[in-house]
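Peer 1: predicted model and sequence below, questions to follow.
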Amino acid sequence: MSKIFIVEDDRAIREELMQLLKNSGYETETLTDFNEPSEKIISAAPDLILLDINLPGINGEMLLKEIRRRIDAPIIMVTSRNSAADEVLSLSYGADDYITKPYDPTILLLRISAVLKRSSKISPNCTYRGLAVDPAKGSLTSEKQEIILTKNEMIIFRFLLDRQGRIVTRDELMTALWDNNEFINDNALTVNISRLRAKLSEAGYEDAIETRKKQGYILK
């Protein structure tokens, strides 16, 4: 489960973000005391930071610059400032994305998903329950068997693997496929997940992908 650290001084917005993210399967942590904020953020070891610019006692852009010097966690600026100058400055200081308030919750979640995907620390070759994952060959292998996946199936599998244990929505999977230039519709996504699940089941991993009705999928 990815941890997202929220740096927002408006209590109502902060609580709204927390609820939105928790409902989408993320772990959240927030900053309520803005004394030495960079130390609190860094010690939390977040997977992603949502950072406002207008903060009490410190400029969010300066905080961004300080955090970026010390950790590589992706940072999305979520702010009411909508000037091109603020966006350019934030990106030049190391922000990974910039979204202005009021934001569309769905768009924000898609932006978060895309940034986490780009910054994923998953290695090119990793393992899943004894299977070696080789994206280049499109295969999952053990000493006894080899499962061959199509390109789309491998993209879906790796996206689920990188978020193993948390719910991944259909929108997130569609975004992952679009980011890889694989333009498929919703029906095609269903077909690809069904084929991936069947291949894993045939190899003895019947419970690998769990469907959560109206929520998404979990790789167990």
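Peer 2: Yes, it's here.
Peer 1: can you name the residues in contact with the longest helix along the chain?
Peer 2: Counting residues, the longest helix in the chain under DSSP state H turns out to be helix 186-202. Helix 186-202 has contacts (Cβ atoms under 8 Å, 6 or more residues apart in numbering) with 147-150, 152-153, 156-157, 170, 173-174, 177, 184, 206, 208-209, 217. Heads up, the C-betas are built off the backbone N, CA and C, glycines and all.
Peer 1: which of those are buried? Put it as a PyMOL command.
Peer 2: Selection of buried members from those for PyMOL, criterion 16 or more other Cβ atoms under 10 Å:
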select buried, resi 147+149+152+153+156+157+173+174+177+208+209+217
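Peer 1: in helices, which of the contacts of helix 186-202 fall?
Peer 2: Those of the contacts of helix 186-202 lying in helices (DSSP H): 152-153, 156-157, 170, 173-174, 177.
Peer 1: adding pLDDT and distance to Glu202, write those out as CSV.
Peer 2: Compiled in CSV, the ones in helices among the contacts of helix 186-202 are given as follows (pLDDT from 0 to 100; distance: Cβ to Cβ, whole Å):
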residue, pLDDT, distance to Glu202
Asn152, 87, 18
Glu153, 91, 13
Ile156, 93, 17
Phe157, 95, 15
Arg170, 91, 24
Leu173, 91, 22
Met174, 87, 26
Leu177, 82, 23
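Peer 1: of those residues, closest to Glu61?
Peer 2: Closest approach to Glu61 among the ones in helices among the contacts of helix 186-202 (Cβ to Cβ): Met174, at 32.7 Å.
Peer 1: tell me how far the residue lying farthest from the centre of the chain lies from Leu131.
Peer 2: Most distant from the centre of the chain: Lys144, at 33.2 Å, with distances by Cα atoms, centre = their mean. Noted for Lys144: a distance of 10 Å to Leu131, by Cβ to Cβ, to the nearest Å.
Peer 1: now do Leu55
Peer 2: Relative to Leu131, Leu55 is positioned 45 Å away (criterion: Cβ to Cβ).
Peer 1: ok, Leu161 next?
Peer 2: Distance, Leu161 to Leu131, using Cβ to Cβ: 10 Å.
Peer 1: of the two, who's got more company?
Peer 2: More neighbours surround Leu131 than the other of Leu161 and Leu131, with 19 against 15 (other Cβ atoms under 10 Å).
Peer 1: tell me the bridge partners for that one.
Peer 2: Residues in a beta bridge with Leu131, per DSSP bridges, are Tyr128.
Peer 1: any stretches of this protein with poor pLDDT?
Peer 2: In the predicted model, the chain carries pLDDT under 70 at residues 119-125, 179-183.
Peer 1: show me where it has strands.
Peer 2: Ranges of strands in the chain, per DSSP state E, are 3-7, 27-30, 48-51, 54-55, 58-59, 75-79, 97-100, 126-128, 131-134, 139-141, 146-148, 209-212, 216-219.
Peer 1: understood, closing this out.
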